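Chemist: Following is a predicted model, sequence given first.
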Protein chains: 2
Amino acid sequence: MASVDVSTVSRALNNKAYVHPDTKRRIMKAVKALGYSPNLVAKSLRQGKRKTIGVVVPSINISIFGEIVQGMEEQARRDGYSILISNTMDDPVVERDCLQRMRTGLVDGIVIAATGQNTRLLADIASENITVIQVVRSISHQFDCVVADYYRCGYEATAYLIKCGCRHIGLINGRSDMQPYQERYQGYKKAVAKAGLLEHVIEASKDGSQYFEDGYQSTRELLHAVPALDAIMVATDLQGLGAIRAIKKAGLTTPENIRVISLTGHPIGATLETAMTSMQVPSREMGECTTKLMIERIENGDHTSVRHQQIVFDTMLISRETT
Amino acid sequence: MASVDVSTVSRALNNKAYVHPDTKRRIMKAVKALGYSPNLVAKSLRQGKRKTIGVVVPSINISIFGEIVQGMEEQARRDGYSILISNTMDDPVVERDCLQRMRTGLVDGIVIAATGQNTRLLADIASENITVIQVVRSISHQFDCVVADYYRCGYEATAYLIKCGCRHIGLINGRSDMQPYQERYQGYKKAVAKAGLLEHVIEASKDGSQYFEDGYQSTRELLHAVPALDAIMVATDLQGLGAIRAIKKAGLTTPENIRVISLTGHPIGATLETAMTSMQVPSREMGECTTKLMIERIENGDHTSVRHQQIVFDTMLISRETT
DNA sequence: CTGAAAGCGCTTACAG
DNA sequence: CTGAAAGCGCTTACAG
C-alpha cells in the first residue's frame, strides 16, 4: 500500500536504520489505515526472543503467590513482556509437565516456586539459555532467587510474643524440608532458646500448609498437647483464621488466653472480626523485583555467569488485635 | 543423527503419515538421546495456531477471578494449551494495551472480564479470527459468555433473609452499570417488592466493590441511614468482613441484630470467627467450562457463526453463622 | 515410505 | 536511503 519493500517497513517500525522521512510518513499512514501490527510470533522466531516469562507456582490462589504474580505481571507489561502461568498444586509431575512445555521455545525465562523434585530438569533448562529464577522458595544455589528473610521473620515474631509475656509458644509449621519453613523454625528455635523456653512445634498435614483446615486441626492438637499454651504462630492469615476458630470452639479467647500471630500477612488480616497481628511480606515488590531481575538477565544474556544473586526482602511486624 | 530428513522427523513425531517402523524407531532413539523437542514457536508460525489463550481480568487477586483462572489453566494444560495473563485493575487504558498486545499473534482466543470500554476493539479482534469469550461479566451479545445467574442469586438471597424474618434489608452493590450488579439488584428489588418491603441500596465507592474497605464504610453509612436495619447483603465475603467489623464497632452483633449474607462465596467464609452465609459461585467449574468452550471454538473455527452461546451457572445458598 | 521445496511473517546483513 | 535474499524451525503438499 505504501509501495515499499517489507524490509523498509520493518526498519521504519523499529527505527533500526535511516528511513527517508517521506517514506516513513507514507508507511505510517498505511500502517494506521490497515490497523497493521507486526506478528510477534514471527518476530520471536526470527530474533530468538519471546518477550515472555513463564511463571510456575503452586497456586495463584495462595495469596502470596497471587500477589507476586500480579506484581510480576505489572512490571512485565511496562517492559513489553507477557506472563505465561502454571499452577502445580505442588505436584512434582504437574511441575515437570509445565516445565517441559515451557522449555520448548515458549519463554525466555522461568520464575518458579518449586517443589524441589525437578532440580535436575531446571538445570537442563537453564543450560539451554533459558534463565531460571526461584521465588519465595530457594531450593538450589544454581539459580538466582528472590525471597523473604524467613529466619528473621520467625525470630522477630517469637521475640515479640515473648515480650508480650508468652511462655508457651506453639509453632504450626509446614514441611520441615522446605526452606521457608525450615528457616522460620530456626528463627523460632533461637528466640525460644534465648528466653529459656520450650519448643512446641507441630507440622501441619498438608504440604503447603497454607490452609485454614490445617490451622484449625493443628490448633486443636496443640491445645490438647500443651494445656499451658499461651500463643500460636501460624504460617498464614488464613491458617490463623482456623486457629482463632479452634480457640473459640475450645471456649478460649484471643488474645486474652491465647495470642495468635501469622508469619505471612494477607490484606484481609486487617479487617477480620479480630484483626490479626502478622508479619507482612512485601509480595508485590518481590514480584516487581523478580521481573526486573529476569529481564536484566535475559537482555544481558549472562546465563553463563557463575555468580548467582540472592535477593532477600525484609518482613515487617504489623501489630493488631490478636496479640 | 538418525540420518533422515527433518520432514520425516516431523511426520514421525506427529504421526501424520506412514513412516517405516524402523525409521521411526531410529528417530525416536535420536530424539531421546538429544532430548529434542520441537520448537513450539516455529510450529505456531507455520500452523497459524498458538495453542495459547489470553486471559484479561481485573485482578487474579480478586478471589472469583483467581479461581476461574486456575480452573481455566488446569483444563488448558490437559488440552495442551497455555494461559497468558493480564490484570487490568479495571482500567480501560490498561485493558486496551493488553488487548492490543494479545491480538498481535500471541493468542488464539481471549477470555475477558471487561470494563466495557473496549467493546469496539474486541469486535475488531474477533473479526481477525481471534475468538473472544466473556466471563463473569456479559457486556456485549456479540460474544459468547460464561456467567452466573446473578438475578436468581440476588433474588434467592433476599428471599432467604425475608424468610428469616428480616424487614429492612440493605444491599451494598457495585457500579449499577455493570451487568452482575445490575442483575443482582433486579433480583433483590423483585424479592423486596414481593414482600412489600422498602429498598435500601447503597453503591459502594470502588468500581469493583470487592473490597472490605467498601464493606466497612458502606455498612456504617447504611446503619446511619436506616436505624431499623436488620440485614445486609454484600457483594463478596471479603466485603462481608468489613460489614461484620463495622457492625461490631457500632456495638451490634451478627446475626442477632443484623444478619449478613455475601453474594459471592469464598472458601474462607466457612472458617471465619463468625462463619459467613453466602451464595456459592462455582468458579472453578466456570473456568473449566470457559476453556472447553474456547478450545471448541478455536478448533472448529466457527468464529463466523452468528449464534452466540451464553452459559449460565447456578449459585447455591450456603447457610452459616451470619444469618 | 521418504526427500526436496516452499512458505508461515518477520529481521538483518549485503549490495547498490 | 532502500530492495533482494537468506534464514529463524517447523509443516505440508508434491514428487518419486
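Modeler: Structure received.

Chemist: Next secondary structure after whatever helix or strand residue A:77 lives in?
Modeler: Taking DSSP states H and E as the definition, one finds residue A:77 inside helix A:63-78. Next along the chain after helix A:63-78, taking DSSP H and E as the criterion, comes strand A:82-87.

Chemist: The residue nearest to residue A:109 when sequence neighbours are not counted: neighbour count?
Modeler: Spatial nearest neighbour of residue A:109, chain neighbours left out: residue A:131 (3.7 Å); criterion: C-beta to C-beta, 6 or more residues apart in numbering or on different chains. From N, CA and C alone the C-beta is placed, and that goes for glycine too. Using other C-beta atoms under 10 Å in any protein chain shown, residue A:131 is surrounded by 23 other residues.

Chemist: With the one 10 residues further on instead?
Modeler: Neighbouring residues of residue A:141 were enumerated by other C-beta under 10 Å; the total is 10.

Chemist: ok, it - contacts?
Modeler: By C-beta atoms under 8 Å, 6 or more residues apart in numbering or on different chains, the contact list for residue A:141 reads residue A:308.

Chemist: Am I right that it sits in a helix?
Modeler: No: under DSSP: H, G, I helix; E, B strand; the rest coil, residue A:141 sits outside any helix and is assigned coil.

Chemist: Could you measure from residue A:317 over to residue A:136?
Modeler: 20 Å (C-beta to C-beta, to the nearest Å).

Chemist: which of the two has more neighbours?
Modeler: Neighbours per residue, other C-beta under 10 Å: of residue A:317 and residue A:136, the larger number sits with residue A:136, 27 against 16.

Chemist: excluding its backbone neighbours, what's nearest that one?
Modeler: Nearest one to residue A:136, counting by C-beta to C-beta, 6+ apart, is residue A:113 at 4.5 Å.

Chemist: And for residue A:311?
Modeler: residue A:146 (4.7 Å).

Chemist: Does that neighbour fall in a helix, a strand, or a coil region?
Modeler: Residue A:146 ends up strand, using three-state DSSP.

Chemist: Contacts only, for it.
Modeler: Residue A:146 neighbours (C-beta under 8 Å, 6+ apart): A:133, A:134, A:135, A:136, A:286, A:289, A:290, A:293, A:311, A:313.

Chemist: DNA strand C: which of these is nearest?
Modeler: residue A:293 (24.0 Å; C-beta to the nearest atom of the strand).

Chemist: correct me, but the closest one touches residue A:144?
Modeler: Yes: in this structure residue A:293 lies within contact range of residue A:144 using C-beta atoms under 8 Å: 6.3 Å.

Chemist: which stretches of the stretch 101-250 of chain A form helices?
Modeler: Along the stretch 101-250 of chain A, counting by DSSP state H, counting those that start in this stretch, helices occupy A:119-127, A:150-163, A:179-194, A:212-225, A:237-249.

Chemist: ok, now how distant is residue A:11 from residue A:39?
Modeler: With C-beta to C-beta as the criterion, residue A:11 and residue A:39 are 17 Å apart.

Chemist: Show me which of the two is the more surrounded one.
Modeler: residue A:11 (18 against 13).

Chemist: So that one lies in a helix, does it not?
Modeler: Yes: assessed with three-state DSSP, residue A:11 lies in a helix.

Chemist: And it, how close does it get to residue A:23?
Modeler: In terms of C-beta to C-beta, residue A:11 sits 10 Å off from residue A:23.

Chemist: I appreciate the help and will end here.
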